[in-house]
Structures are given as C-alpha cells and as structure tokens.
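Enquirer: next come a sequence and a model predicted from it.
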Amino acid sequence: MRYARLHWVVVILLLGSTQVTAQMSEAQIEAWLNNETEDLPGTKINEGKLRFLIKPPKKRVHHHHNTLIIHANSLKDGWVKMQQCHQHLDKFPRAQVVYKKYKIKNLKLVSSKNIEKAWIENHTVQLRNVRKGARLCIEADTRALLKNKDGSFTLTNGPFMRRFLDGFFPMRVSMDLRFPKNIKFVSISPPQQPGLRINYNGSGVHFDAWFEGKLYTNIKLKPSY
C-alpha cells in the first residue's frame, strides 16, 4: 500500500520507441490496489522478465500495431515509414505518447476514437480524457534501419512493454514489415514460439506477440542481388 498516500503517480508504458505517461488520482490508485476496478491492470506482478502468453488474456488489453515500410532510400539513410495504431488503451485523464527526438520526423495524427482531445506537440502526441475502448493512430518516419558491416541490415524495435507502477502487464504487439523485392528476409529474434507467431514471404514479415515483460525484436535483412 505504499502508493496510497501519493496524490498522483506517473505511469510509464514503453512501446518501441514510444512511451505513454499519465497521472492518476489517489482514489484511482487506491481502487487499483484494492482490486476494485477491472479498468486497470490486475494484481499479478511481472518485474520485467519477458514471458510469452500461450493463451491471450480473457480481457481485452492494449494492442500496439505497427506497419513499417522500407523504401529504396531507407537503405541509404535508415528512415522507414511508420503507420502505428494503439487499440484498447487504458483509461487515463491525461497521457502522452513520446518519441525519441532524433529518431522521429513528420509526425502526424491520423485518427482517434474515445479520446476527448489528441494533438501533436513537438515529438509527442498529447491525449486528454482517454476513455474505454480508445484507439489512436499515428503516422511518421522513424530511423530504425541499421546497416551492418557485412552489408546486411537490421531493423531493431523495442522495448515494447505495458508498465504500471512497479509491474509489467499483458499486452499484444503485432507488426507488418514491407520491403522492396531486392531485399530478402534472413531471420527474426526472438524466434517463433507459443505466444509469438511469425509469417514471412518475398515482400514482407508479420509477427503477432502476446506477452508480459519487455520485448525487443531484431529483424535481419539482406540484399537479394
């Protein structure tokens, strides 16, 4: 019960190169601590260790989906087109999605649902009165592609996590990666396993993960010529 006397706490949810922060009232914290509400994460605590979930939670949880598109110029400058949507966001009076300043540009708000107000402010997306069933979609360019010494490329993402107070809670992350025909998929880490489904073909890679803790992904690509 150590948080019960605080007027508010900062809740941090790291999602790839983003984080969502929000302030909560003492009454909301008390309700969560006493397990009187299902609108916030439950009481089982994960301290950050990655654990894939064989079965998805019965309750809807935050779903973070990215579509990343690699263009010809991406192989030269590392900038990749990103289309990002957050579904089933947790309810908060104020929140913000914060991107790493030097790894994001051309940030645009595409759409929002069940959010009273959403707007771009520098390298952040500010949110006011996030309600149940909220959805937020964003578009930007992200510098996520790195060229390796052997001529291959690595697309690194993470950490993805849904963090509340000192615990990490279930979430879903899915990604569609699209690339030119002269690029070939080599490998992805972590590998496919229960709770992590991976599909790939000649023009892209898709993964869908249910987990709790911190998830980092590395997708290795190489030129096919």
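Expert: Looks like it came in fine.
Enquirer: C-alpha from now on. contacts and neighbour counts both.
Expert: Noted.
Enquirer: neighbours around Gly151, how many?
Expert: Neighbour count for Gly151, taken as other Cα atoms under 10 Å: 9.
Enquirer: with Ser111 instead?
Expert: Ser111, neighbours per other Cα under 10 Å, totals 12.
Enquirer: neighbours of the closest residue to it other than its chain neighbours, just the number please.
Expert: Setting aside the residues directly before and after it, Ser111 is nearest to Cys137 in space (Cα to Cα, 6 or more residues apart in numbering), at 5.2 Å. As a burial measure, Cys137 scores 18 neighbours (other Cα under 10 Å).
Enquirer: swap in the one 4 residues further on?
Expert: Using other Cα under 10 Å, Asp141 has 19 other residues around it.
Enquirer: quick check: the residue nearest to Ser111 vs Lys58, distance?
Expert: 24 Å (Cα to Cα, to the nearest Å).
Enquirer: do the same with Phe169
Expert: Taken as Cα to Cα, the span from Phe169 to Lys58 is 13 Å.
Enquirer: ok now the top strand by length along the chain, how far from the chain's centre?
Expert: Looking across the chain with DSSP state E, the single longest strand is strand 124-143. Relative to the centre of its chain, strand 124-143 is centred 11 Å away, using Cα atoms, centre = their mean, to the nearest Å.
Enquirer: what lies in contact with the helix or strand that it is followed by?
Expert: Using DSSP states H and E, the helix or strand that directly follows strand 124-143 along the chain is strand 145-147. For strand 145-147, the surrounding residues in contact (Cα atoms under 8 Å, 6 or more residues apart in numbering) are Ser74, Leu75, Gly78, Trp79, Val80, Phe153, Thr154, Leu155, Thr156.
Enquirer: using JSON lines, lay out those residues together with pLDDT.
Expert: Shown next, in JSON lines, are these (pLDDT from 0 to 100):
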{"residue": "Ser74", "pLDDT": "95"}
{"residue": "Leu75", "pLDDT": "92"}
{"residue": "Gly78", "pLDDT": "94"}
{"residue": "Trp79", "pLDDT": "96"}
{"residue": "Val80", "pLDDT": "96"}
{"residue": "Phe153", "pLDDT": "96"}
{"residue": "Thr154", "pLDDT": "96"}
{"residue": "Leu155", "pLDDT": "95"}
{"residue": "Thr156", "pLDDT": "89"}
